[in-house]
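Visitor: fold the following for me, if possible:
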Amino acid sequence: MKNKALKRLIYSLSVLVTLLSFFPVTSYGFIKKDTVLNDSKKDTVPANTGFKIKTIIIDPGHGGAPSSTTGHFSHGASGSFSSERNVTLAIGRKLQAAIEKEMTGVKAVMTRTTEDDVSFERRAEIANENKGNIFVSIHCNSLSDRHITKKVGTKRHKPVYKTMSVPDRSGKGVLLLVYGLKRTREAENEIKKNQIEGESELDGGALDPNDPVTIILTNEYKRKFRQQSINLATLINKEFVDTDGRPSEGIREQSIYVLCHSSMPSVLVETGYINNPDDEAYLNSEDGQNEIVNSIVRALTNYKNEVELVSK
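Guide: As a prediction, the model looks like this:
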């Protein structure tokens with residue numbers, strides 16, 4: 001038993017040292033829910049020279065009729081002439097082709113390739129089964145209807161008012177989301193299942209969640225994945241704003257299933273407000289979709305160069 005414990009400790013320390021140099025470290029401070037991230041201070045260290053980004057998961061949000069009856073589904077938002085599920089699939093297909101063309105040696109895997117919807121649970125499973133290094137979920141934003149009170153007439157010489165809903169088309173531009181801290185436990189479970197249980201050197205059997213080795217490794221993976229999710233979101237946002245000149249609401253934290261259940265750096269990209277006429281036209285145009293794809297690919301390339309940085 002002592003030899004086994006010692007072997008586990010030595011192995012865990014070696015993995016921990018590798019993880020510490022696995023990604024360049026970027027410190028952004030704490031992100032509050034539904035608040036924009038402003039701090040962009042960086043503290044970069046050389047990455048592990050052996051690490052390579054090989055697989056990027058592309059997740060076109062939502063879908064049409066679900067392909068199964070189990071799991072959670074959502075049809076997404078709609079504009080005046082288009083649906084989020086169709087726009088995200090079109091952008092996703094273009095993004096897959098661009099990644100495999102522009103990023104040598106990188107495979108792009110889609111969680112959805114048809115109009116059929118795929119459950120939130122299955123999307124995360126596809127990402128983990130394919131051992132993705134990055135998860136990018138593509139969506140379109142939308143605002144809920146506003147409630148207004150309007151005078152509709154008079155009765156006995158007194159005004160009569162009625163409360164009604166009207167579309168709110170004021171939203172415009174992009175938004176980047178990373179997983180919310182209140183779902184940390186779910187993220188930890190996925191890391192244990194997909195990053196740690198696969199390491200046969202640990203014991204080749206059932207994983208003890210209370211084992212100090214497991215806790216140390218889980219926390220380190222979680223910290224690195226969260227830092228790199230914020231880093232990637234920052235790079236994508238910078239391309240949208242600085243290169244494309246698009247308005248942005250910045251980076252926010254939100255409790256989204258596919259982000260916290262994908263055991264890798266994960267970002268959700270709200271590409272525009274589909275219920276805003278200008279954004280909807282942009283999202284459905286070839287020029288708009290190509291611009292979005294090119295900005296994401298540039299950001300992914302910059303991110304890849306950072307994490308694969310080799311000291312000269």
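
Visitor: what is the neighbour count of the closest residue to residue 131 other than its chain neighbours?
Guide: Closest residue to residue 131 apart from its sequence neighbours, by CB to CB, 6 or more residues apart in numbering: residue 55 at 6.1 Å. For glycine as for every other residue, the C-beta is placed from the backbone atoms N, C-alpha and C. As a burial measure, residue 55 scores 16 neighbours (other CB atoms under 10 Å).

Visitor: what about residue 55, distance to residue 238?
Guide: Going from residue 55 to residue 238 by CB to CB, to the nearest Å gives 24 Å.

Visitor: show me what the helix or strand where residue 109 lies is packed up against.
Guide: According to DSSP states H and E, residue 109 maps onto strand 107-110. Applying 3 or more CB pairs under 8 Å, 6 or more residues apart in numbering; DSSP states H and E, one finds that strand 107-110 makes contact with strand 55-60, helix 84-102.

Visitor: report the backbone C-alpha coordinates of that strand in CSV.
Guide: Taking Å, rounded to 0.1, in the frame of the first residue of the first chain, the C-alpha atoms of strand 107-110 are listed here in CSV:
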residue,chain,number,x,y,z
LYS,A,107,-9.2,18.9,-36.7
ALA,A,108,-12.5,20.7,-36.3
VAL,A,109,-15.4,18.5,-34.9
MET,A,110,-19.0,19.7,-35.1
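
Visitor: which residues touch it?
Guide: Outside of strand 107-110, the residues within contact range by CB atoms under 8 Å, 6 or more residues apart in numbering are 54-60, 92-93, 95-96, 99-100, 126-127, 130, 132.

Visitor: ok, it: who's next to it in the sheet?
Guide: Partners of strand 107-110 in the sheet, by DSSP bridges, are strand 55-60 (parallel).

Visitor: could I get the strand it pairs with in CSV with only the CA atoms?
Guide: Written as CSV, here are the backbone C-alpha positions of strand 55-60 (Å, rounded to 0.1, in the frame of the first residue of the first chain):
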residue,chain,number,x,y,z
THR,A,55,-8.9,19.2,-31.9
ILE,A,56,-11.3,22.1,-31.8
ILE,A,57,-15.0,21.5,-31.1
ILE,A,58,-17.5,23.7,-32.9
ASP,A,59,-20.9,23.8,-31.3
PRO,A,60,-23.6,25.4,-33.5
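
Visitor: compute the inter-axis angle for that strand and helix 84-102.
Guide: With axes from the mean of the first three to the mean of the last three CA atoms, to 10 degrees as the basis, strand 55-60 and helix 84-102 are set at 160 degrees to each other.

Visitor: what does strand 55-60 rub up against?
Guide: 85, 88-89, 91-93, 95-96, 99, 103, 106-112, 123, 126-127, 130-138, 258, 262, 264, 300.

Visitor: need the contact list for the residue nearest to residue 65 when sequence neighbours are not counted.
Guide: Of all residues not flanking residue 65 in the chain, residue 116 sits nearest, at 6.2 Å (CB to CB, 6+ apart). Applying CB under 8 Å, 6+ apart to residue 116 gives the contacts 63, 64, 65, 66, 67.

Visitor: distance of residue 125 relative to residue 66?
Guide: Residue 125 is 15 Å from residue 66, by CB to CB.

Visitor: and residue 157, by the same measure?
Guide: 55 Å.

Visitor: the two: which has the busier surroundings?
Guide: Higher neighbour count among residue 157 and residue 66: residue 66, with 17 against 5, using other CB under 10 Å.

Visitor: helix or strand for residue 292, which one?
Guide: Per DSSP H and E: helix 286-307 holds residue 292.

Visitor: so what touches that helix?
Guide: Here helix 286-307 has contacts from 22-24, 44, 47, 51, 53, 56, 87, 90-91, 94-95, 98-99, 102-103, 106, 134, 136, 228, 231-232, 235-236, 238-240, 243-244, 269, 271-272, 281-283, using CB under 8 Å, 6+ apart.

Visitor: just the buried positions in that helix, please.
Guide: Residues of helix 286-307 classed as buried: 288-289, 291-301, 303-304, 306-307 (neighbour count, 16 or more other CB atoms under 10 Å).

Visitor: that helix vs strand 55-60, what angle?
Guide: Using the same axes, to 10 degrees: helix 286-307 against strand 55-60 is 150 degrees.

Visitor: and the average pLDDT for helix 286-307 is what?
Guide: Averaged over helix 286-307, pLDDT sits at 97.

Visitor: check which residues of whichever strand or helix holds residue 283 are buried.
Guide: Counting by DSSP H and E, the element that carries residue 283 is helix 277-284. Buried residues in helix 277-284, counted by 16+ other CB under 10 Å: 279, 280, 282, 283, 284.
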